[in-house]
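Asker: Take this sequence and fold it.
(4 chains)
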There are 2 protein chains.
Amino acid sequence: MQFSSRFTIATHTLLCIAMFQKEYKVTSNFLAGSINVNPVMIRNILGQLSAAGLVKIKAGIGGAYLAKPADEITLRDIFKAVEKEESLFHFHENPNPECPVGRTIHSVMDSKIDTIQLAMENKMAETTLFQLLEEAKKNI
Amino acid sequence: MQFSSRFTIATHTLLCIAMFQKEYKVTSNFLAGSINVNPVMIRNILGQLSAAGLVKIKAGIGGAYLAKPADEITLRDIFKAVEKEESLFHFHENPNPECPVGRTIHSVMDSKIDTIQLAMENKMAETTLFQLLEEAKKNI
DNA sequence: TGTAGTTGTAATTAAGTAAATTACAACTAC
DNA sequence: GTAGTTGTAATTTACTTAATTACAACTACA
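Answerer: Modelled structure (predicted):
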């Protein structure tokens, strides 16, 4: 079981915008070509990134631009923008309240799961779009 | 997008075994009753936990037992036993090699994703089954 | 030895999700 | 007004999760 590819697609999207927004008009079709997915998915993800305040989109004329400097956008911001699930793990819904363990499993596990997810998100926050941009430029 | 419930079911399973193995024969039907899922799923998960060396199962007569002390079993061990995906995120498969970003996105992102996953697993390793057991007993 | 209860596993099914695709109204520069 | 684009809805295909049924193989015990 894995996260959907929305996170990696969104990161690729932002990296393209950061890389090309000066030279080209970065449209959903342009992005779809680089990422090799459907333009509609790009438009949906751009909508989420826009709602999260990470990009600005020119309606009508087209083109996406960073809404803030690349060093103020972290992987955590991107993850939060596109993955709307409140919790990392799907908890089995109806443990048996007749069983002592079934009755207490949620109160025991919920805080652990929150802590684990927080650790993941904190690690995500350590990488900025600017860093990715620098590394990508180095590799070109 | 979330992980399947295999991880929480497996943890619930081990907690039941730790709690009841002295008093009762903990069968897949017993566990299925406490967790409120199908016994076949329990048997499959018990098989994975057994392959990972976390439990021992009495074939024929039935019943599952911890294969090592509860304080030597961490949430990370449980996660690794039941979630076989190599990577946390589903990376979009075919970025366009014609695009400079598409060409380098994997080399830039893969190590970041590994680091993020490692942070999650390290946090998981901080919680043992013994701790969960103590907390559960406290709540009963 | 036979029986009852259990595990291990395969096959089938239903429900849910991911992603591609088609379609089209609304928008904006020119 | 036109061309190119965004935003969004609806449909479809493929895949995954989980429940269910079925049954062979195993083991303690009468």
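Asker: In chain A, which helix is the longest?
Answerer: Longest among the helix segments of chain A by residue count, using DSSP state H, is helix A:100-124.
Asker: close to chain B, is it?
Answerer: Yes: using Cβ under 8 Å from any Cβ of the partner chain, helix A:100-124 reaches chain B at A:100-105, A:107-109, A:112, A:115-117, A:119-120, A:122-124. Any C-beta I mention is one placed from the backbone N, CA and C, and that applies to glycine too.
Asker: What average pLDDT does that helix get?
Answerer: For helix A:100-124, mean pLDDT is 95.
Asker: just how off-centre is that helix within its chain?
Answerer: 21 Å (Cα atoms, centre = their mean, to the nearest Å).
Asker: next helix or strand past it?
Answerer: Downstream of helix A:100-124, the first helix or strand assigned by DSSP states H and E is helix A:129-139.
Asker: Convert that following helix to CSV, retaining C-alpha atoms only.
Answerer: Taking Å, rounded to 0.1, in the frame of the first residue of the first chain, the C-alpha atoms of helix A:129-139 are listed here in CSV:
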residue,chain,number,x,y,z
LEU,A,129,11.8,23.5,-3.3
PHE,A,130,14.9,25.7,-3.6
GLN,A,131,17.1,22.8,-2.6
LEU,A,132,15.5,20.5,-5.1
LEU,A,133,15.9,23.2,-7.8
GLU,A,134,19.6,23.5,-7.0
GLU,A,135,20.2,19.8,-7.2
ALA,A,136,18.2,19.5,-10.4
LYS,A,137,20.2,22.3,-12.0
LYS,A,138,23.4,20.6,-10.9
ASN,A,139,22.3,17.4,-12.7
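Asker: Please enumerate the helices of chain A.
Answerer: With helices called from DSSP H, chain A shows them at A:6-20, A:28-35, A:39-51, A:75-82, A:100-124, A:129-139.
Asker: And DNA strand D, is the longest one touching that?
Answerer: This points to helix A:100-124. No: using Cβ under 7 Å from any atom of the strand, helix A:100-124 stays clear of DNA strand D, with a minimum separation of 13.8 Å.
Asker: quick revisit: the longest helix of chain A packs against which elements?
Answerer: If contacts are counted by 3 or more Cβ pairs under 8 Å, 6 or more residues apart in numbering or on different chains; DSSP states H and E, helix A:100-124 sits against helix A:75-82, helix B:6-20, helix B:28-35, helix B:100-124, helix B:129-139.
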